[in-house]
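S.K.: test case, fold it:
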Amino acid sequence: MFERRYRAVESRDARFDGWFFTAVTSTGIYCRPSCPALTPKRVNVRFFPTAAAAQGAGFRACRRCRPDASPGSPEWNQRADVVGRAMRSIADGTVDREGVGGLARRLGYSERQLQRLLVAEVGAGALALARAQRAQTARLLIETTDLSLAQVAFAAGFASVRQFNETVRAVFATTPSGLRRSARPPGTGSGTLSVRLPYRRPLAAGPLVEFLAARAVPGVEAVVGGVYHRSLSLPRGQGVVGLADDPAIGAVRATFSLQDLADLGPAVSRCRRLLDLDADPEAVDRDLRADPVLGPLVDRVPGRRVPGTVDGPELAVRAVLGQQVSVAGARTLLGRLVAGAGVALAQPAGPVTHLFPGPEALAGAVGRLGVPASRRAALVELAGALADGRVTLEPDADRERTLDGLRALPGIGRWTAAYVALRALSDPDAFLPTDLGVRRALTALGGDGRPAAVERTAEGWRPWRSYAVLHLWAVPAGGRRPADRPPAVDLDHAAGDHADPDHSAPTTPPVRRRKGRAA
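M.R.: From the prediction side, this is the model:
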């Protein structure tokens, strides 16, 4: 393991940024594997799984390669165990809001058990991991806003200015004012700031934005000039973000407008999940390219990502409401729902004017949408389960328990649960064998489109079946359009849920129509 990592450092391989960190005992600093500095001698090198572990061992961040700003490890999206859940929850700011005790309760472990697991797996406990995240947020605020340093301290989640000063000196080997003096010109002032969200190349940004644009809910989302905008419901207040890829710097430029700048950390974490920016596209593409069916699709569009969500409950509601209707029809229904029950933004941003309604507001709103009685009942039951905690779709949710809870609800079957796992739970291996789009694509590519055969074929795509689904959804019916240009509305699919009379069967007379993927 040491030699493999050292070779990555020697070759300055950016693919390993975020997977591990290189600490140099002779200088006392830690770096990304791709740091352009001279390669240290083997005898002086130590490797750490996280920046927090390196900081805990007394190393400070390299000011040249800025390891604290590297992409996150894709391991935490892949892992469904308690450590993976904890890392996702810490990134969302749970420790800052609820403390280590709150994190442990969410995960169903004692604080001592959780500490032991985290130290064994990632080299640092929950407090140290949260401290490293606060340091990164502080640096972003120092370098990109005109906030006073005291305001930065509390916005980044520190309990005191003294703690803030000590942490910045320990992590960056300089004072907060020193960081500001060496920074680029400040951003646009308090409330609005621009942040780079780094990723591992390649990133198929065009298809990702097209997918989101096709499903953009009026009032909540919009794509303007290639920039994706949406509202954010954050722990301390409202927010709006604009996201645009900048391939020249290998990062997505995110422009946030936040009611409370202390929400920056959770906002960044949720946008990274939305765009799947912590994925390892080379590993995904390498494995899927070996498949004779998927190989040509991967070659056409390398770096395809799985669109996630910034709000798990919102995604679940959209999946249920979008059953048995086209994408355009689902957008119309969702637009009505937002207009009738959404929360108006205090500061609208162009076409983004509302927050998506929370579960508590849904029960009284779905009756006015004009959907079949069975769909209304499914939405009300889902809203109740989300509101009372029977189903949780937070980043630290136990995937299997959540899926079991969803499938136990009326109107939610295998397809809907898998779609929620794919997008809301960031499961890289979710699969929809009964999806009509998947089956038609396999048939068009010369495979067997029957569900049982699809499942057998997909076994060879583990652990990246979610990415395989996105590639197959981009295959047009009959193969007449390029595979890297998915149609904006006619994205055909059907699920076993939709055909099963026990799940979401409409009470109105059947109408012959095309079916679209869930919103």
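S.K.: shaky segments in this protein?
M.R.: Applying pLDDT under 70 to the chain flags residues 184-191, 478-519.
S.K.: so where does the spatially most central residue of it fall, helix or strand?
M.R.: Computing the C-alpha centroid of the chain and ranking residues by C-alpha atoms, centre = their mean puts Arg273 first, at 0.9 Å. For Arg273, the host element (DSSP states H and E) is helix 264-275.
S.K.: next one: Trp76
M.R.: Trp76 belongs to helix 75-78, assigned by DSSP H and E.
S.K.: just the CA coordinates for that helix, please, in CSV.
M.R.: What follows is helix 75-78, C-alpha atoms only, in CSV (Å, rounded to 0.1, in the frame of the first residue of the first chain):
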residue,chain,number,x,y,z
GLU,A,75,-15.3,6.0,-0.5
TRP,A,76,-17.9,7.7,1.7
ASN,A,77,-20.6,7.5,-0.9
GLN,A,78,-19.8,3.9,-1.7
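S.K.: for the helix or strand following it, the distance to its chain's centre please.
M.R.: Counting by DSSP H and E, the next helix or strand C-terminal to helix 75-78 is helix 82-91. The chain centroid and the centroid of helix 82-91 are separated by 13 Å under C-alpha atoms, centre = their mean, to the nearest Å.
S.K.: elements contacting helix 82-91?
M.R.: Contacts defined by 3 or more C-beta pairs under 8 Å, 6 or more residues apart in numbering; DSSP states H and E place helix 82-91 against helix 75-78, helix 94-107, helix 111-122, helix 126-144. C-betas here are computed from N, CA, C, even on glycine.
S.K.: most tightly packed of the ones you listed?
M.R.: Per residue and on average, the most neighbours among these fall to helix 126-144, with a mean of 23 (mean count of other C-beta atoms under 10 Å).
S.K.: now it against helix 264-275, angle please.
M.R.: 90 degrees (axes from the mean of the first three to the mean of the last three C-alpha atoms, to 10 degrees).
S.K.: ok now helix 126-144, how far from the chain's centre?
M.R.: With C-alpha atoms, centre = their mean as the basis, helix 126-144 stands 19 Å off its chain's centre.
S.K.: then stretch 206-213?
M.R.: Counting by C-alpha atoms, centre = their mean, stretch 206-213 comes out at 15 Å from the chain centroid.
S.K.: buried sites along it?
M.R.: Using 16 or more other C-beta atoms under 10 Å as the test for burial, stretch 206-213 gives 207-212.
S.K.: can you tell me which of these is nearest Arg4?
M.R.: When the buried residues of stretch 206-213 are compared for distance to Arg4 (C-beta to C-beta), Leu208 wins out at 30.7 Å.
S.K.: does anything pack onto whichever helix or strand comes after the helix holding Arg273? Which helices or strands?
M.R.: Under the assignment DSSP H and E, the closest C-terminal helix or strand after helix 264-275 is helix 281-289. Packing partners of helix 281-289 (3+ C-beta pairs under 8 Å, 6+ apart): helix 295-300, helix 465-473.
S.K.: about what we covered before: what does the helix holding Arg273 contact?
M.R.: Helix 264-275 has contacts (C-beta atoms under 8 Å, 6 or more residues apart in numbering) with 72, 77, 91-93, 96, 133-134, 137, 140-141, 155-157, 193, 195, 197, 199, 208, 232, 234-235, 239, 241, 243, 252, 254, 256, 258, 277-278, 305, 307-311, 395, 426.
S.K.: neighbours around the closest residue to Arg64 other than its chain neighbours, how many?
M.R.: In this structure, Arg64 finds its nearest non-sequential neighbour in Ala37, 6.1 Å apart by C-beta to C-beta, 6 or more residues apart in numbering. Each residue near Ala37 was counted by other C-beta atoms under 10 Å, and the total is 14.
S.K.: quick one: contacts for Ala37?
M.R.: Contacts of Ala37 by C-beta under 8 Å, 6+ apart are 31, 62, 64-65.
S.K.: that one and Pro67, how far apart?
M.R.: 12 Å (C-beta to C-beta, to the nearest Å).
S.K.: which neighbours do the two share?
M.R.: Going by C-beta under 8 Å, 6+ apart, residues that sit against Ala37 and also against Pro67 are Cys31.
S.K.: still on that earlier bit, out of the helices and strands packed on helix 281-289, which gets nearest to Gly335?
M.R.: Of these, nearest to Gly335 by C-beta to C-beta is helix 465-473, at 23.0 Å.
S.K.: who's in contact with that closest one?
M.R.: 211, 284, 288, 294, 297-298, 301, 304-307, 422, 427-432, 435, 437-438, 441-442, 458, 461, 483, 486, 491, 493, 517.
S.K.: what helices and strands are in contact with the one helix or strand Ala53 maps to?
M.R.: Using DSSP H and E, the element containing Ala53 is helix 51-56. Here helix 51-56 touches strand 21-24, strand 29-31, helix 126-144, going by 3+ C-beta pairs under 8 Å, 6+ apart.
S.K.: helices and strands around the helix or strand following it, which ones?
M.R.: Using DSSP H and E, the helix or strand that follows helix 51-56 towards the C-terminus is strand 60-61. Applying 3+ C-beta pairs under 8 Å, 6+ apart, one finds that strand 60-61 contacts strand 29-31, helix 161-172.
S.K.: packed most tightly, which of the helices and strands packed on helix 281-289 would that be?
M.R.: Note that of the helices and strands packed on helix 281-289, helix 465-473 is the most buried (mean count of other C-beta under 10 Å), with a mean of 25.
S.K.: quick one: it to helix 281-289, angle?
M.R.: Using the same axes, to 10 degrees: helix 465-473 against helix 281-289 is 70 degrees.
S.K.: CA atoms of helix 465-473 as CSV?
M.R.: Taking C-alpha atoms only, helix 465-473 is exported to CSV below (Å, rounded to 0.1, in the frame of the first residue of the first chain):
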residue,chain,number,x,y,z
ARG,A,465,-25.0,0.0,-11.5
SER,A,466,-26.4,3.5,-10.8
TYR,A,467,-23.9,4.9,-13.4
ALA,A,468,-24.9,2.1,-15.8
VAL,A,469,-28.6,3.3,-15.5
LEU,A,470,-27.6,6.8,-16.4
HIS,A,471,-25.8,5.6,-19.5
LEU,A,472,-28.7,3.5,-20.6
TRP,A,473,-31.2,6.3,-20.0
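S.K.: how does the chain divide into domains?
M.R.: 2-53, 75-144+147-182, 280-499 (automatic domain parsing).
S.K.: and those as JSON lines, adding distance to Val224?
M.R.: Converted to JSON lines, the domains of the chain look like this (distance: least, C-beta to C-beta, whole Å):
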{"stretch": "domain 2-53", "distance to Val224": "31"}
{"stretch": "domain 75-144+147-182", "distance to Val224": "22"}
{"stretch": "domain 280-499", "distance to Val224": "7"}
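S.K.: and Val227, which of the ones you listed is closest to it?
M.R.: domain 280-499 (10.4 Å).
S.K.: off-centre distance for that closest one?
M.R.: 14 Å.
S.K.: quick one: end-to-end distance for stretch 70-78.
M.R.: Stretch 70-78 has an end-to-end distance of 18 Å (criterion: C-alpha to C-alpha, to the nearest Å).
S.K.: buried sites along stretch 300-312?
M.R.: 301-312.
S.K.: which of these fall in helices?
M.R.: Gly312 (DSSP state H).
S.K.: tell me the one of the buried residues of stretch 300-312 nearest Ala248?
M.R.: Closest to Ala248, out of all of these and judged by C-beta to C-beta, is Gly303, at 15.7 Å.
S.K.: ok, Leu379 - how many residues close by?
M.R.: Other residues close to Leu379 by other C-beta under 10 Å number 24.
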